[in-house]
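J.: just coords:
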């Protein structure tokens with residue numbers, strides 16, 4: 001049987017120290033408290049103290065462990081991730097219309113967006129888009145002859161990324177501020193991105209997370225890699 005009171009105490013201390021959430025409102029701690037109550041009830045049942053029902057005890061142990069693993073997995077996925085439905089084909093071939101992906105909302109709480117990360121950001125009109133990070137804060141971005149140049153140097157893009165036939169506002173050098181990123185869709189000819197004034201440079205506060213995993217369609221379950 002998995003023992004949880006000690007883990008619960010450790011988590012209590014952790015939450016208090018970080019100050020990220022009130023203990024009484026933490027879904028995970030509530031789950032642990034409910035589990036602790038249920039565990040006491042199970043251990044008090046007659047079959048659990050009866051030597052003739054050892055086989056049943058083993059089955060219950062197995063079921064309980066599976067339930068705990070699934071509950072923890074559910075909490076980790078839906079507590080730290082968000083589901084996003086991809087609309088349009090601007091990220092083909094990596095992502096297609098109607099794909100459903102998990103977005104890691106904590107990825108950039110402990111780090112910064114990196115070049116070629118696929119991210120979800122919120123536009124000024126409140127719509128959410130999925131694009132790839134190309135230019136980083138402080139850099140100069142320009143598109144010439146179908147190619148991206150960073151600080152005057154040709155960007156070596158991952159295999160499969162198309163050339164850029166339309167430079168848009170990047171036909172002249174664009175200087176990114178210290179909190180700005182330049183984003184492009186992988187399907188360059190069918191993407192509304194930082195090349196256009198209605199999107200422009202994307203500020204750090206607009207980026208909501210890193211695309212992590214495709215969960216639909218089921219036949220296309222896949223970890224989404226940046227490069």
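T.: Cool, got the structure. The structure displayed is predicted, hence computed values, not measured ones.

J.: From now on I want contacts and neighbour counts done on CA atoms only, so please keep to that.
T.: Noted.

J.: Buried residues in stretch 200-213, which are they?
T.: 200-204, 206-213 (16 or more other CA atoms under 10 Å).

J.: Stretch 114-131 now?
T.: Buried residues in stretch 114-131, counted by 16+ other CA under 10 Å: 114-123, 128-131.

J.: any idea of the mean pLDDT in that stretch?
T.: The average pLDDT for stretch 114-131 rounds to 93.

J.: Stretch 135-142 too?
T.: For stretch 135-142, mean pLDDT is 98.

J.: what's it in contact with?
T.: Here stretch 135-142 makes contact (CA atoms under 8 Å, 6 or more residues apart in numbering) with 114-115, 148-152, 170-183.

J.: please redo it, this time with the cut-off set to 10 Å
T.: 112-116, 134, 148-155, 167-184, 194-195, 201-204 (CA atoms under 10 Å, 6 or more residues apart in numbering).

J.: Direction included, what does the lengthiest strand in the chain pair up with?
T.: If you go by DSSP state E, the chain has its longest strand at strand 207-216. Strand pairing for strand 207-216, using DSSP bridges, gives strand 100-104 (antiparallel), strand 118-122 (antiparallel), strand 222-223 (antiparallel).

J.: picking up where we left off before, filter the contacts of stretch 135-142 down to the buried ones.
T.: Among these, those buried by neighbour count (16+ other CA under 10 Å) are 113-116, 134, 148-151, 167, 170-171, 173-176, 180-184, 194-195, 201-204.

J.: Got the domain ranges for this structure?
T.: If you go by the TED database, the domain ranges for the chain are 52-81, 82-216.

J.: Distance to residue 225 added to those, as TSV?
T.: Shown next, in TSV, are the domains of the chain (distance: least, CA to CA, whole Å):
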stretch	distance to residue 225
domain 52-81	16
domain 82-216	8
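
J.: For the chain, which segments are assigned as helices?
T.: Ranges of helices in the chain, per DSSP state H, are 5-18, 27-43, 46-49, 54-80.

J.: Which of the ones you listed comes out lowest on mean pLDDT?
T.: helix 5-18 (a mean of 35).

J.: Would you reformat the buried residues of stretch 114-131 as JSON lines and include distance to residue 162?
T.: Listed next are the buried residues of stretch 114-131 as JSON lines, based on distance: CA to CA, whole Å:
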{"residue": "114", "distance to residue 162": "19"}
{"residue": "115", "distance to residue 162": "16"}
{"residue": "116", "distance to residue 162": "13"}
{"residue": "117", "distance to residue 162": "16"}
{"residue": "118", "distance to residue 162": "15"}
{"residue": "119", "distance to residue 162": "18"}
{"residue": "120", "distance to residue 162": "20"}
{"residue": "121", "distance to residue 162": "22"}
{"residue": "122", "distance to residue 162": "24"}
{"residue": "123", "distance to residue 162": "24"}
{"residue": "128", "distance to residue 162": "23"}
{"residue": "129", "distance to residue 162": "19"}
{"residue": "130", "distance to residue 162": "17"}
{"residue": "131", "distance to residue 162": "14"}
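
J.: For this protein, which residue occupies the most central location?
T.: Centroid-nearest residue in the chain: residue 104, 1.6 Å away (criterion: CA atoms, centre = their mean).

J.: what separates it from residue 81, distance-wise?
T.: Counting by CA to CA, to the nearest Å, the separation of residue 104 from residue 81 is 5 Å.

J.: Give me the common contacts of the two.
T.: 209, 210, 211, 212, 213.

J.: any idea which of those residues is closest to residue 89?
T.: Nearest to residue 89 among these is residue 211, at 15.6 Å by CA to CA.

J.: where's the closest one relative to residue 93, distance?
T.: Distance check for residue 211 against residue 93: by CA to CA, it reads 15 Å.
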